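# here is a sequence with its predicted model. Questions after.
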Amino acid sequence: MRPVTRNLFVAIAVVVVALLALGALPSYLGSGDPYYLTAEPIETAEPTANATGISERRYPYLTDALTSDDGRSDGYQMGPYGLKESFTHTPFDEVEALVRRAPGAATDGGVRVERGGQTYYVEVTQSPT
């Protein structure tokens, strides 16, 4: 094999391995205190985002918070230098998506969500409780 061809194959392999690492590695990175998506039952007549038929695959943090006993999702840790957020799904993404679905449901720190006849105030917090 010619050296130029071999170097091209090595370069392609390095790029493929780097892309695979960027797809898998960021989910394992994390530093600092974790962020949680919390859902607290409320009563309000204000507009809400309808979350009755949402997908667990599209909104894993929200469905986890709504179905958990303590109203809190699994923790999410930020990555160093903002690298992880560019490649992974975050609870912040879910709140932004809900606000885009129902802009009137947005509040200063979160969003009002209705699911199964119950209204919740959903926000991202660092407090474990």
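That came through fine.

# longest helix anywhere in this protein?
helix 3-24 (DSSP state H).

# what's the average pLDDT for the helix or strand that it is followed by?
Scanning forward in sequence from helix 3-24 by DSSP states H and E, the next helix or strand is strand 31-42. Computed over strand 31-42, the mean pLDDT rounds to 85.

# show me the shaky parts of the chain.
For the chain, the stretches with pLDDT under 70 are 22-32, 79-87, 127-129.

# residues contacting the residue nearest to the spatial centre of it?
Central residue of the chain (Cα atoms, centre = their mean): residue 90, 2.1 Å from the mean position. Applying Cβ atoms under 8 Å, 6 or more residues apart in numbering, we find residue 90 in contact with 35, 61, 76. Bear in mind the C-beta positions are built from the backbone N, C-alpha and C, glycine included.

# ok, the last one to residue 60 distance?
As judged by Cβ to Cβ, to the nearest Å, residue 76 and residue 60 stand 10 Å apart.

# so which of those two has more stuff around it?
Counted by other Cβ atoms under 10 Å, residue 76 and residue 60 do not tie: residue 76 has more neighbours, with 19 against 16.

# show me the contacts for the more buried one.
30, 34, 35, 36, 61, 90, 91.
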